[in-house]
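S.K.: How does the following fold in three dimensions:
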Amino acid sequence: MRQGPLLTVLLLAAVLLLAATMSRAAPPRPHALPPEAVAEEFIKGLSARVTLTPEETAAVRSILVDQVKKRQELFRSRVAEKSGAAGLLALRDGLRALQREADAKLAAVLPPVKMAAVRHYMAERRQEARARLAAARPQG
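M.R.: Below is the predicted model:
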């Protein structure tokens, strides 16, 4: 009679152990998209709003890939520091500086009308990101 509950407990332990080892064996998920993929996604969305020449597209792509690489490196370095609120403020300031740098580079290769479309599209993407963050936050 005692074998039934003991066998059940052993079977449950084996299943839990197997599940734990399988979850550890899963490949790690990348935390960030490759810079080229981020740039292509941005250009695809931007192309629905403004027509870029092939030269403008190449220049924008190059600027965006460079900016995304810098943003990812800045984020990695700031997260590695684990410096609390001061680190988050420094990250925010660094990201803002990178955005100003990218804006200046984009303004140098795009006419004002197209640059206005770029700024408008960036604002739309920021709003969408904020909405996704707000929806993901637990209510309470």
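S.K.: Spatially central, which residue of this protein would that be?
M.R.: By CA atoms, centre = their mean, the mean C-alpha position of the chain lies nearest to residue 32, the distance being 5.2 Å.
S.K.: Assign a three-state SS to that residue, would you?
M.R.: coil (DSSP: H, G, I helix; E, B strand; the rest coil).
S.K.: Quick check, pLDDT for the closest residue to it other than its chain neighbours.
M.R.: Spatial nearest neighbour of residue 32, excluding adjacent residues (CB to CB, 6 or more residues apart in numbering): residue 72 at 5.3 Å. C-beta coordinates here come from the backbone N, C-alpha and C atoms, glycine included. On the pLDDT scale, residue 72 is placed at 92.
S.K.: cool, residue 119 as well?
M.R.: For residue 119, pLDDT reads 95.
S.K.: With residue 91 instead?
M.R.: 88.
S.K.: Who are the packing partners of the helix or strand where it lies?
M.R.: Per DSSP states H and E, residue 91 falls inside helix 84-109. Applying 3 or more CB pairs under 8 Å, 6 or more residues apart in numbering; DSSP states H and E, we find helix 84-109 packed against helix 54-81, helix 112-136.
S.K.: With mean neighbour count and distance to residue 36 as new columns, can those be given to me in a markdown table?
M.R.: Formatted as a markdown table, those follow (neighbours: other CB atoms under 10 Å; distance: least, CB to CB, whole Å):
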| stretch | mean neighbour count | distance to residue 36 |
| --- | --- | --- |
| helix 54-81 | 15 | 6 |
| helix 112-136 | 12 | 18 |
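S.K.: can you list these in TSV and add distance to residue 47?
M.R.: Formatted as TSV, the helices and strands packed on helix 84-109 follow (distance: least, CB to CB, whole Å):
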stretch	distance to residue 47
helix 54-81	8
helix 112-136	10
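S.K.: now the chain, which segments are flagged as low pLDDT?
M.R.: Along the chain, the model assigns pLDDT under 70 to residues 1-31, 140.
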